[in-house]
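[1] The following comprises the amino acid sequence and a computationally predicted model.
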Amino acid sequence: MPEEFLPEINAQLRNQPPIEVIRWAVSRSGGRAVISTNFRPFEAVLLHLVTRVVPAIPVLWVDHGYNRPATYRHAEDLRRRLDLQIHAYVPRMTAAHYDALHGGAPEPSPEHEEQIKAFSTTMKLEPFQRGMRELAPAVWFTALRRVQNPNRAGRDLVTEDPGFRVLKVSPLFHWTDGQMEAYLREHDLPNEWDYFDPAKADEKRECGLHAAWGAKAMAVGQEKAG
């Protein structure tokens, strides 16, 4: 889709319910849509909405090996409730191997920024890139919302991801936490508040999937993969 059409499309979809945004995107996917998740708080909302439209949509999950037990139990609960077709991708290096070489995941502090990026590149970005390459979607559903952090506030509901050459669609982009909580209650869906992502360290930064530095790291990885 030509990039110059995106502002008009976003204006048209701005006030549409998320389910209609999903239907719009699916109609343009040619049967090649995926949804990514990490089973963080509120992820159940988008998983529930998307699977109402495409029940068997591939769910791309990078299990970097550092999730807490509550997150794994939450993932299994949602898999059963929604009959999720999970495609789990794991790093080429196990968590135990990474810990032995690097002393564990880096401490979440500003002075460890480069170590956090290196951790994310190895344990999260590479398996995600591999998953996208194998699933080869035309449309990628994400749970990005503008209220999550300042970096995401400058994005929009529909964008193009040149790295993966897909239409990236965030149907809940304009939703607040209050709307997310109301949806969970209305549909009796669970939430997960014990989630921690060592590749992000805190909610104010990005793991690289939706940031310029991550795109560069994955481009290097793509060249190495041939």
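    Cool, the structure landed.
[2] going forward, measure contacts between C-alpha atoms and count neighbours the same way
    Fine.
[3] what about the protein, any weak spots by pLDDT?
    Residue ranges of the chain with pLDDT under 70: 1-2, 150, 152-153, 200-226.
[4] Strands along that one, start to end?
    Along the chain, the segments classed as strands by DSSP state E run 33-37, 58-62, 85-89, 139-141, 158-161, 166-169.
[5] what residues does the third one touch?
    In this case it means strand 85-89. 56-63, 79, 127-128, 130-131 (C-alpha atoms under 8 Å, 6 or more residues apart in numbering).
[6] gap between it and the chain center?
    Centroid displacement of strand 85-89 relative to its chain, using C-alpha atoms, centre = their mean, to the nearest Å, is 13 Å.
[7] Same check on the fourth one?
    Its chain's C-alpha centre lies 10 Å from the corresponding centre of strand 139-141 when counted by C-alpha atoms, centre = their mean.
[8] Buried residues of it, list them for me.
    139-141 (16 or more other C-alpha atoms under 10 Å).
[9] Which of the contacts of strand 85-89 are buried? Put it as a PyMOL command.
    Restricted to buried positions by 16+ other C-alpha under 10 Å, the PyMOL selection for the contacts of strand 85-89 reads:
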select buried, resi 57+58+59+60+61+62+63+127+128+130+131
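[10] Kindly reformat the contacts of strand 85-89 as JSON lines containing distance to Ala44.
    Formatted as JSON lines, these follow (distance: C-alpha to C-alpha, whole Å):
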{"residue": "Ala56", "distance to Ala44": "16"}
{"residue": "Ile57", "distance to Ala44": "15"}
{"residue": "Pro58", "distance to Ala44": "15"}
{"residue": "Val59", "distance to Ala44": "12"}
{"residue": "Leu60", "distance to Ala44": "14"}
{"residue": "Trp61", "distance to Ala44": "13"}
{"residue": "Val62", "distance to Ala44": "16"}
{"residue": "Asp63", "distance to Ala44": "17"}
{"residue": "Arg79", "distance to Ala44": "10"}
{"residue": "Pro127", "distance to Ala44": "22"}
{"residue": "Phe128", "distance to Ala44": "20"}
{"residue": "Arg130", "distance to Ala44": "24"}
{"residue": "Gly131", "distance to Ala44": "21"}
